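K.L.:
give me a 3D structure for the following:
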Amino acid sequence: DESNNCLQYQLNKLDIGLYIGCIYLCNEILLYSNLLGPVLPSVPQIVDLRIEGSCIVGQVVRAKGNYIGGYEGQSMYWWIKIKDGIRHNLTEPMSINNTSSIDPRLYTITSGIFIY
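P.N.:
This next block holds a predicted model:
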């Protein structure tokens, strides 16, 4: 925001490990400089996690979210259901970067899934 004499720079993942500096010149004379760093990755998180699709037997639902933070590590995803306040796993935890053709962010609703 240059209108308030506050120049800003938004750090991104390409800045990780680097030092960020600001130099202030007036009439080509160095008046002040400062360094900050090294830049660390932020805490990884998923924002806006949502399930898309129709919740109808036989349909496929998909989980989507936006990953922000440092570089994504060994992330795990699995589907759950909640009955009477108790969580039950529908699928086994799977790594998102697995080599199988199964995408753990997809799940097909079958007739027996929500019934005990």
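
K.L.:
so who does Asp84 touch?
P.N.:
Listed by CB atoms under 8 Å, 6 or more residues apart in numbering, the contact set of Asp84 is empty. To be clear about C-beta, it is placed using only N, CA and C from the backbone, and glycine gets the same treatment.

K.L.:
need phi/psi at it.
P.N.:
Phi and psi for Asp84, reported as degrees, to the nearest 10, are phi 60, psi 40.

K.L.:
helices and strands of the chain: which one bottoms out on pLDDT?
P.N.:
strand 106-108 (a mean of 56; mean pLDDT, DSSP states H and E).

K.L.:
which intervals of the chain have sub-threshold pLDDT?
P.N.:
Applying pLDDT under 70 to the chain flags the ranges 1-5, 69-73, 96-116.

K.L.:
quick check, central residue of it?
P.N.:
By CA atoms, centre = their mean, the mean C-alpha position of the chain lies nearest to Tyr67, the distance being 1.6 Å.
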